[in-house]
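# turn this into a structure:
(one chain, ligands or ions: 2)
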Amino acid sequence: MAHGTALIYDEEMTKYKLLWVDPACKIEVPERLSVSYEALVRNGLADRCVSIPVREATDAEILLVHSDEYLEAVKKTPYMTLEDLKEFTLQFGDVYFHPNIYRCAKLAAGSALQLVDSVMMERVRNGMALVRPPGHHSMRSAASGFCVFNNVAIAARYAKQKYGVKRVLIVDWDIHHGQGVQYCFEDDPRGVFGKGRIIFGCLKCNILVFVLFIFNSVLYFSWHRYEHQKFWPQLRESDYDSVGKEKGAGFNINLPWNQVGMENSDYLSVFCHVLLPVAYEFCPDLVLVCAGFDSAIGDPEGEMCATPDIFAHLTHLLMNLAGGRLCAVLEGGYNLTSLPQSVCQTVQTLLGDPLPQLANLSGPCRSALESLQCLRSAQKQYWGSLKHTASPTAANISTKRIRIAEGEVEEEEKTELGEEEKNSEEKVWHEPPKRPCPPIRAASVLPDDVACPDGCKRITKDIHPLVVSRLKDHLVQEAEDGDALATFSTLVSLVQKMEKNEVGSGLALVGDVIKAMMCVVQHVSPDLNRVLVVCVGNGKIPSHISRDGKVLVLQISSDASEEQQSKHYISVCLQKGCCNTSGFMQAVLGLLLPVGYEYNPDLVVLVRMPDSGVCDVVWKQLTGLLQSFAKGHTLVLMQEKENSCVGPTASILLGDPAPPLETLQAPDREDVDAVERLRRRLQADWKLLQTTSEYTS
Ligand SMILES: CC(O)(O)NCCCCN
Ligand SMILES: [Zn+2]
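Ligands and ions are numbered 1, 2, ... in the order given. Okay, the predicted model is just below:
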């Protein structure tokens, strides 16, 4: 199991800048890189990383994506006069050249490759490359949008060629569309043949027998400010209906933001309702992130309102894929306050620190819902997890697109603020909260004959007089059973330690998981406002538990009775119960995650019901995903005889990545229907469950 987080940075990449007046390029300054690195140093994050040296990408590596003539032309720029540089720049859009930019562009691309090497050779688990110039706009024979070489596209090709990586997921959370990446992989003759489609011919009828077991594929996901094609680069092919070509259909996913001001809720709903379901189905071997932070609040380009701590969560949600192999490469980010904060949030998550709680999430705004629905509808024919998406009706979709090419321009909606007022509106946001690591990362309460997993701290059972007195009046029948009392009072004191952040998470083997859960829930201290209880497997949970919203129960099983549903008592009934991986993950990603984020609990209690049938890999994925909530304070309760679950559960609570699920088959129709039915019923209560705009008030 690889450990460690790589950090790649060299101040050489700060040594180029704009040498003439160009309003479009003046925001791309060297300080972007230096303030980001200095913030990592100041916050003690840089020296917790494995420092990997930069190197220049070779010609051959650059030619994986770019044409020979383009490379040869760029090679000449170091020797150009200022006039020649201006002249050379004119052929491209929104980019500038400098005598030292070629060297820096080779270092930026080379940094991405160093990162891929470190992760694929398992010298580290994941990492981040702080580079300049960015890459995702540059095309085969063109520079664009401050980009010279396409760092991440080169890294994807390099990973496939050198390490035989079959499936690469590229997530581009920069606020601009990385058209360079889209072009590179949408018509790549070698690369994108889809999810291993098998095409057989037949010798006898003289047709070539060829098996295109082509698992080589690159799935590119990008969200970007679009405003119905009004925003740079104003491309028709940046819209949601660009899904990839021929064999690549379904492997290009564009989520256009048609309004500015998008918030954390908008970003999370796109992750939960599009990216994650598809990513789990795709089952990548490697995740590359075009980590642009102009999608953060305060950025002059993005004009969005998502706070820097959102990147802690986006990073964490992707770390459960590809066995944790994640390479983040800096793209954009132009606000010199939110950029370093966002970089620190990202690196701190890569290092495995507890996640910050995201406060007052609501639902996605109407415009985001329209884009979400259009995208899910455009992609549903390619992805089982989206198969049963309701198609947009004209009524609830008002997307209009100004076809600049056709010269057909619809009346522009008047925005209440003029362009200049909007820009001048100074955004303010809180400094992201500290994310201290508790002295004990994971604790265990186990029978004496069960070994405590490495890294875990055993909490010896003892009777806490104060606790017991309160327990006794609740658990009369246990009063005589000394062991049960000891266990329950130890669990209660364990939760108290979590509240004080002395302990991160805990796991326990108990005689009766439901009783233990009830006891914990009834005895958490009053300043623990909300407890999320996730029950996996069949079993009756007393419905009075979710009183006054202090407790939210979500049960996934095969016998849940649906009529009991309420806002705080949700039971998902899966035909084949918890052993059906794709149905289970559909429920986790499409229901549990959104509701969990909106509920924002202070404690998570994960209960593994007896004979739940849930398989280890899915159990580990769930345990890992639940770390998103309550600053990682999860208490896992399992039945005494399930000793074999102790090790796997502990490894996740200690920060190991969950192993990847194999490529998910499409979920069963009944399960998707069950999840969809529940989603529709509950979305009035839980706005993050919405995926269509017909429900917004
Ligand atoms: C890397 C990037 O996506 O932030 N570049 C943005 C270029 C904007 C040009 N108007
Ligand atoms: Zn950008």
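# mind listing what the closest residue to N151 other than its chain neighbours touches?
Excluding the flanking residues, the one nearest N151 by C-beta to C-beta, 6 or more residues apart in numbering is G135, at 3.4 Å. Every residue, glycine included, has its C-beta placed from N, CA and C. With contact set as C-beta atoms under 8 Å, 6 or more residues apart in numbering, G135 has these partners: 108-109, 112, 147-154, 180, 290, 329, 331.
# just flag the most distant two among those residues.
Farthest pair in those (C-beta to C-beta) is V148 and C290. Separation: 15.1 Å.
# show me the contacts for the residue nearest to R679 when sequence neighbours are not counted.
Nearest non-adjacent residue to R679, counting by C-beta to C-beta, 6+ apart: L689, 5.0 Å away. Contacts for L689 (C-beta under 8 Å, 6+ apart) come out as G363, G590, L591, P594, V595, R679, L682, Q683.
# may I ask which of the residues you listed has the most neighbours?
P594 (28 neighbours; other C-beta atoms under 10 Å).
# take the contacts of L689 and lay them out in JSON lines including distance to ligand 2 and pLDDT.
Output for the contacts of L689, formatted as JSON lines (distance: C-beta to the ion, whole Å; pLDDT from 0 to 100):
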{"residue": "G363", "distance to ligand 2": "26", "pLDDT": "95"}
{"residue": "G590", "distance to ligand 2": "29", "pLDDT": "94"}
{"residue": "L591", "distance to ligand 2": "32", "pLDDT": "96"}
{"residue": "P594", "distance to ligand 2": "27", "pLDDT": "98"}
{"residue": "V595", "distance to ligand 2": "32", "pLDDT": "98"}
{"residue": "R679", "distance to ligand 2": "32", "pLDDT": "92"}
{"residue": "L682", "distance to ligand 2": "35", "pLDDT": "94"}
{"residue": "Q683", "distance to ligand 2": "32", "pLDDT": "94"}
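# end-to-end on stretch 3-18?
The stretch stretch 3-18 measures 39 Å between its terminal residues, going by C-alpha to C-alpha, to the nearest Å.
# SS state for L318?
The three-state assignment at L318 reads helix, by DSSP: H, G, I helix; E, B strand; the rest coil.
# again with G590
Three-state assignment for G590 (three-state DSSP): helix.
# now the residue in the stretch 151-300 of the chain that ligand 2 sits nearest to, nearest residue through space, not along the chain?
Nearest to ligand 2, among the residues of the stretch 151-300 of the chain, is H176, at 3.5 Å (C-beta to the ion). Counting by C-beta to C-beta, 6+ apart, H176 lies nearest to H224, which is 5.4 Å off, once chain neighbours are set aside.
# checking my notes, that neighbour in a strand, right?
Yes - applying three-state DSSP, one finds H224 inside a strand.
# separation between the closest residue in space to G363 that isn't next to it in sequence and V636?
The shortest distance from G363 to any residue other than its chain neighbours is 2.5 Å, reached at K687 (C-beta to C-beta, 6+ apart). The gap separating K687 from V636 is 29 Å, by C-beta to C-beta, to the nearest Å.
# show the pLDDT at the residue nearest to R679.
L689 is assigned 96 on the pLDDT scale.
# contact residues of the stretch 301-450 of the chain facing ligand 2?
By C-beta under 5 Å from the ion, the part of the stretch 301-450 of the chain that sits against ligand 2 consists of G332.
# repeat that with 8 Å
By C-beta under 8 Å from the ion, the residues of the stretch 301-450 of the chain that approach ligand 2 are E301, G302, E331, G332, G333.
# which ones are touching the last one?
Contacts for G333 were tallied using C-beta under 8 Å, 6+ apart; they are R32, S36, G292, F293, D294, A296, D299, L339, S342, V343.
# wait, isn't the third one in contact with H177?
No - here G292 lies out of contact with H177, judged by C-beta atoms under 8 Å, at a distance of 10.6 Å.
# which residues of the stretch 51-200 of the chain score low on pLDDT?
Residues of the stretch 51-200 of the chain meeting the criterion pLDDT under 70: 187-200.
# up against ligand 2, what does it have?
Close to ligand 2, as judged by C-beta under 8 Å from the ion, the stretch 51-200 of the chain has residues P134, H136, G145, D174, I175, H176.
# can you pull out the helices in the stretch 51-200 of the chain?
59-62, 68-75, 82-90, 101-120, 151-163, 179-186 (DSSP state H, counting those that start in this stretch).
# what angle separates the last one from helix 151-163?
When you say that, I think you mean helix 179-186. 30 degrees (axes from the mean of the first three to the mean of the last three C-alpha atoms, to 10 degrees).
# who's in contact with helix 179-186?
65, 135-140, 144, 147, 150, 152-153, 156, 170, 172, 191-192, 218, 220, 222, 233, 235, 237-238, 242, 244-245, 248, 251-252, 254, 290.
# now, these that are in strands?
In this view, these that belong to strands under DSSP state E are I170, D172, V218, Y220, S222, N252, N254, C290.
# which of the residues you listed sit farthest apart?
Longest span within the ones in strands among the contacts of helix 179-186, C-beta to C-beta: V218 and N254, 14.6 Å.
# output stretch 143-155 as CSV, nothing but the C-alphas.
Presented in CSV, the C-alpha positions along stretch 143-155 are these (Å, rounded to 0.1, in the frame of the first residue of the first chain):
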residue,chain,number,x,y,z
ALA,A,143,-1.3,27.7,-27.4
SER,A,144,-4.4,29.1,-25.8
GLY,A,145,-5.6,30.5,-22.5
PHE,A,146,-2.2,31.0,-20.9
CYS,A,147,-1.3,27.4,-21.8
VAL,A,148,1.6,26.2,-23.9
PHE,A,149,1.8,22.4,-23.5
ASN,A,150,-1.2,20.3,-22.3
ASN,A,151,0.4,19.1,-19.1
VAL,A,152,-2.5,16.8,-18.0
ALA,A,153,-3.2,15.4,-21.5
ILE,A,154,0.5,14.5,-21.9
ALA,A,155,0.4,12.9,-18.5
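# so what's the residue of the stretch 151-300 of the chain closest to ligand 2 up against?
H136, H137, G145, H224, R225, W232, P233, G292, D294, E301, E331, G332.
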